[in-house]
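> Whatever this is, show me its structure:
(2 chains)
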Amino acid sequence: AQTVTQSQPEMSVQEAETVTLSCTYDTSESDYYLFWYKQPPSRQMILVIRQEAYKQQNATENRFSVNFQKAAKSFSLKISDSQLGDAAMYFCAYRANQFYFGTGTSLTVIP
Amino acid sequence: GAVVSQHPSRVICKSGTSVKIECRSLDFQATTMFWYRQFPKQSLMLMATSNEGSKATYEQGVEKDKFLINHASLTLSTLTVTSAHPEDSSFYICSASRAQGGTGELFFGEGSRLTVL
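Numbering: from 1, shown residues only, chains lettered A, B, ... in the order given. Predicted structure coming up:
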């Protein structure tokens, strides 16, 4: 069975600092996608970053980057130069045939 | 981009009434849409997968007679909560992926907060 685990229910970071959110997943598939979604207080789910499993290079989107370790089935999100607007719930997600979401990490940004 | 619109964003109804929530893909075709329920500070719980032109596939434990899903076109899926009760109060979110040319991600509607009095 495919599962996604986020072991950090809550994280906090000082504004302008860097924070890393952890995610591990379990799968027997070789071809799949991984995502990080952000859900701010408005509850709108927003795609932060996407990684195709066949790509070795880690995806980056401005201040957001991932550390994708396929053998370890790990997919962590690094947020650099944290901003107040980064405060939100962050969900790690896996997709092969179906989508699976982690339990989320609530990120607080301290001014 | 790919936009999914969900309506209404908030609805309050009396116990025993039915409520319909619409989910539209505005600028792409979606053969499959997904309906999720989210409790406060929890993850998304998949309720059902809506397939255009065919019956929805419900997850275990989801009452198909209570949560009616219709996917009449490639851009519209509806969720009807029938005979709503206070325990159905929740945040409902729809999502869709592109039928063609997609990059795997789901695009989400804004969500609908249902309050049953």
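
> Mind jotting down where the helices sit in chain A?
With DSSP state H as the criterion, chain A has no helices.

> Could you list the low-confidence segments of it?
Counting by pLDDT under 70, chain A shows low-confidence ranges at A:1-2.

> do chain B as well
In chain B (pLDDT under 70), the answer is B:1, B:100-102.

> Near chain A, which residues of it? Just list them.
B:34, B:38, B:41-44, B:46, B:91, B:93, B:95, B:103-108, B:110-111, B:113 (Cβ under 8 Å from any Cβ of the partner chain). Any C-beta I mention is one placed from the backbone N, CA and C, and that applies to glycine too.

> Can you select the buried ones among the residues you listed for me in PyMOL?
The buried subset of these, as determined by 16 or more other Cβ atoms under 10 Å in any protein chain shown, is captured in PyMOL by this line:
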select buried, chain B and resi 34+38+43+44+46+91+93+95+104+105+106+107+108+110+111
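
> Just the ones of the residues of chain B next to chain A in strands?
B:F34, B:Q38, B:L44, B:L46, B:F91, B:I93, B:S95, B:F107, B:F108, B:R113 (DSSP state E).

> Can you pick out the most distant pair from the residues you listed?
With Cβ to Cβ as the measure, no two of these lie farther apart than B:F107 and B:R113, at 19.6 Å.

> where do the strands sit along chain A?
Under DSSP E, chain A gives strands at A:3-5, A:10-14, A:19-21, A:24-26, A:33-39, A:46-52, A:60-61, A:64-69, A:74-79, A:88-95, A:99-101, A:105-110.

> Which stretch among those approaches B:S73 most closely?
Smallest distance to B:S73 across these (Cβ to Cβ): 22.2 Å, for strand A:99-101.

> Which strands and helices lie in contact with that closest one?
If you count contacts as 3 or more Cβ pairs under 8 Å, 6 or more residues apart in numbering or on different chains; DSSP states H and E, strand A:99-101 packs onto strand A:3-5, strand A:88-95.

> List the contacts of the residue most central in space within chain A.
Nearest to the mean C-alpha position of chain A, counting by Cα atoms, centre = their mean, stands A:W36 at 3.6 Å. If you count contacts by Cβ atoms under 8 Å, 6 or more residues apart in numbering or on different chains, A:W36 has them with A:21, A:23, A:47-49, A:64, A:66, A:75, A:77, A:90-93.

> Beta-bridge partners for it, please?
A:I49, A:C92 (DSSP bridges).

> Tabulate the strands of chain A (CSV), appending distance to B:I21.
Converted to CSV, the strands of chain A look like this (distance: least, Cβ to Cβ, whole Å):
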stretch, distance to B:I21
strand A:3-5, 26
strand A:10-14, 30
strand A:19-21, 31
strand A:24-26, 30
strand A:33-39, 18
strand A:46-52, 20
strand A:60-61, 31
strand A:64-69, 31
strand A:74-79, 31
strand A:88-95, 21
strand A:99-101, 20
strand A:105-110, 26
